[in-house]
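> predicted model, plus sequence, below.
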Amino acid sequence: MLMYRPKKKVLQDLHINNGGGLISSWVDSMRACSPTHLKSLMKQSSWLTEHPSALDMFEDILHVSEGKQIVMFMDYDGTLSPIVDDPDRAFMSKKMRRTVRKLANCFPTAIVSGRCREKVYNFVKLTELYYAGSHGMDIKGPEQGSKYKEGSESVLCQPATEFLPMIDEVYKKLVEKTKFTPGANVENNKFCVSVHFRRVDEHNWSDLAHQVRAVMKDYPKLRLTQGRKVLEIRPIIKWDKGKALEFLLESLGYANCTDVFPLYIGDDRTDEDAFKILRERRQGLGILVSKFPKETNASYSLQEPAEVIDFLQRLVEWKQLRSGA
Ligand SMILES: [Mg+2]
């Protein structure tokens, strides 16, 4: 049982055909997502009781994964790299890259991101990993150097290809529509478009949300979802990070296995789809990266990317000790 229940349903699709009242609810919801507001709402200690630190509970996590194949899934922004104002400069540290490389040598490892796959790869630059970009709508396996590579075909899955021209058109319209809003940043993630609010003054959030809605009303086949200071436009197909997780487990040959233990680490609302799948499958566990209490389907928490490094490093050391023994 969670100690905290927000007034609004947090994970909601933002149906664009509804009235303007919805815009204020997106903006309110985006504000509510910012740590200072949440901090006052909840006591950190009770939340940590529900979602203890994955570092503190490391031995317990190993215990429940005993005898099972650990498979690693990680979000990129806010998980492997810090959240920065300019999304094009969300670099990961060298230490993080070294750690993720060692991790991929120990376990099948996938990065699951809202960004387009090529962009995530350019940040991470590790050929040993699986990459699921655009919220899992564009999945590719390791090119080389991975002992967990399955088959010879490296592009695994692109369930939304038919939407590419439409997404591109919407991207161009959004760039045009939002060009007079200071700080607004529209990012083309190939299978989805992100409108970033990070550098927009909070007073202009409502205007920006109205601009996005004005463009979106002509596209009933696209839907809007809300992330961390971002509105995202995606095709209406049943595909999300949870589906991507299931697809990857299947591709790795663990479709109906009981001896697999997926570990998913992420910081965003869109990661909740994956946390939820793990709960439903009663398999593995989710770790939310957050310094502040949030409603989540994850079981454990880590405060920031620096703690993610420590956790991954401990997993690597544990695996190496076992392999050596
Ligand atoms: Mg993230």
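Okay, I see it.
> contact partners for the residue of the stretch 101-250 of the chain found nearest the ion?
When scored by C-beta to the ion, the stretch 101-250 of the chain has Arg228 as its residue closest to the ion, at 6.7 Å. For every residue, glycine as well, the C-beta is placed using N, CA and C. Arg228 sits next to 33, 78, 83, 267-269 when contact means C-beta atoms under 8 Å, 6 or more residues apart in numbering.
> ok, now Thr99?
By C-beta under 8 Å, 6+ apart, the contact set of Thr99 is 309, 312-313, 316.
> from those, which land in helices?
Residues from the contacts of Thr99 lying in helices, with DSSP state H as the criterion: 309, 312-313, 316.
> just the buried residues of the residues you listed.
309, 312, 316 (16 or more other C-beta atoms under 10 Å).
> now Asp273: which helix or strand?
For Asp273, the host element (DSSP states H and E) is helix 272-281.
> who touches that helix?
Counting by C-beta under 8 Å, 6+ apart, 11, 73, 112, 240-246, 262, 264, 266, 284-286, 288, 296-298 sit against helix 272-281.
> near the ion, which residues of the stretch 51-200 of the chain are found?
75, 77-78 (C-beta under 5 Å from the ion).
> pick the one among these closest to Val64.
In terms of C-beta to C-beta, no member of these lies closer to Val64 than Asp75, at 21.9 Å.
> beta partners of the nearest residue to the closest one once chain neighbours are set aside?
Distances taken as C-beta to C-beta, 6 or more residues apart in numbering place Gly266 nearest to Asp75, at 3.5 Å, with adjacent residues excluded. The partner list for Gly266 in beta bridges (DSSP bridges) reads Leu288.
> okay, now the unreliable bits of the chain?
Low-confidence segments of the chain, defined by pLDDT under 70: 1-22, 32-42, 144-155, 325.
> could you chop it up by domain?
Taking automatic domain parsing as the reference, the chain has its domains at 13-41+161-235, 45-159+239-324.
> most tightly surrounded among those domains?
Ranked by mean neighbour count, these are led by domain 45-159+239-324 with a mean of 19 (mean count of other C-beta atoms under 10 Å).
> distance between the ends of that domain?
Its first and final residues considered, domain 45-159+239-324 spans 39 Å by C-alpha to C-alpha, to the nearest Å.
> ok so, going back, among the contacts of helix 272-281, which lie within strands?
With DSSP state E as the criterion, strands contain 73, 112, 262, 264, 266, 285-286, 288 from among the contacts of helix 272-281.
> any chance of these in CSV, with distance to Gly133 too?
Below are the ones in strands among the contacts of helix 272-281 laid out as CSV (distance: C-beta to C-beta, whole Å):
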residue, distance to Gly133
Phe73, 14
Val112, 8
Pro262, 19
Tyr264, 16
Gly266, 14
Leu285, 24
Gly286, 20
Leu288, 21
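> the ion: which of those is nearest?
The closest of those to the ion turns out to be Gly266 (C-beta to the ion; 5.8 Å).
> name the helices or strands packed onto the helix or strand containing Tyr131?
Using DSSP H and E, Tyr131 falls within strand 130-133. Helices and strands touching strand 130-133, by 3 or more C-beta pairs under 8 Å, 6 or more residues apart in numbering; DSSP states H and E, are strand 109-112, helix 117-124, strand 138-140, helix 241-251.
> can you pull out the strands in the stretch 151-300 of the chain?
Along the stretch 151-300 of the chain, the segments classed as strands by DSSP state E, counting those that start in this stretch run 155-157, 185-188, 193-196, 222-227, 230-235, 260-266, 285-289, 300-302.
> now Asp240: closest residue in space, sequence neighbours ignored.
Computed as C-beta to C-beta, 6+ apart, the closest residue to Asp240 that is not its neighbour in sequence is Asp273, at 4.1 Å.
> can you list the residues of the stretch 201-325 of the chain near the ion?
So the stretch 201-325 of the chain meets the ion at 267-268 (C-beta under 5 Å from the ion).
> in the stretch 201-325 of the chain, what residue comes closest to the ion?
Residue nearest to the ion within the stretch 201-325 of the chain (C-beta to the ion): Asp268, separated by 3.9 Å.
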